[in-house]
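>>> Sequence and predicted structure are below.
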Amino acid sequence: MDPRINMVMVSAKDIHALRSFYEQGLGWTPWMPASEGSVAYKVGTSVLIFVNDAYLAHESGIAAAETSKSIWAVFVPTKADVDAAFDLAVKAGATITSPIRDRDQGLYSGYFTDPEGNGWEVVWSPHMPLGADGALTLPGAA
C-alpha cells in the first residue's frame, strides 16, 4: 500500500462551525475550495476532509444513522491493488459498503467496514503518481 498520504473523511453536522474553529481558531487555510457540504485541510502529508452526514453516507454506502464518524482512506499505487485489497478485506471479514468503481476526479475506489465498524476507502488516484512526494493534487487545489 502507498503510505505517502493519509486521508480521513469526518462526518460533520455543522460545517460552518468547524470552519470557524479551524480557520479562525487555528489559522488553517482550506486546501481546496470549500463548499456548503465539505471543507478539506492539508496538514503535512495528511488530508482532513469534513463532509456533511448525508454526503458521507451516500459515498460510503453506510446509512447516515449507522455511519462511523470517520472513514480512513488508504492510497495504493494501482487499480489492481484496490481490487486485491478488497478481496483480502472480504476474506478477513469486512463488509463492502460501496462497491469499487470509478469516481469523481478520476479516482478508482470503494468502501468497506471492518468487523469493528470502522469505515475504510481504498483508493487509486491519477493525481498521485508513483514517486510523488506525498502531495495529492486535485484539479482546482490551492
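On my side now, so go ahead.
>>> Which parts of this protein are strands?
Counting by DSSP state E, the chain has strands at residues 2-12, 38-43, 46-52, 70-75, 95-102, 108-113, 119-124.
>>> Show me the one of these that comes nearest Asp83.
Evaluated over these, closeness to Asp83 peaks at strand 95-102, with 6.5 Å, by C-beta to C-beta. All C-beta spots, glycine's among them, are computed from the backbone N, C-alpha and C.
>>> tilt between that closest one and strand 70-75?
50 degrees (axes from the mean of the first three to the mean of the last three C-alpha atoms, to 10 degrees).
>>> which other helices and strands contact strand 95-102?
helix 53-60, helix 79-91, strand 108-113 (3 or more C-beta pairs under 8 Å, 6 or more residues apart in numbering; DSSP states H and E).
>>> Export these as TSV, with columns for mean neighbour count and mean pLDDT.
Below are the helices and strands packed on strand 95-102 laid out as TSV (neighbours: other C-beta atoms under 10 Å; pLDDT from 0 to 100):
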stretch	mean neighbour count	mean pLDDT
helix 53-60	18	79
helix 79-91	15	91
strand 108-113	23	92
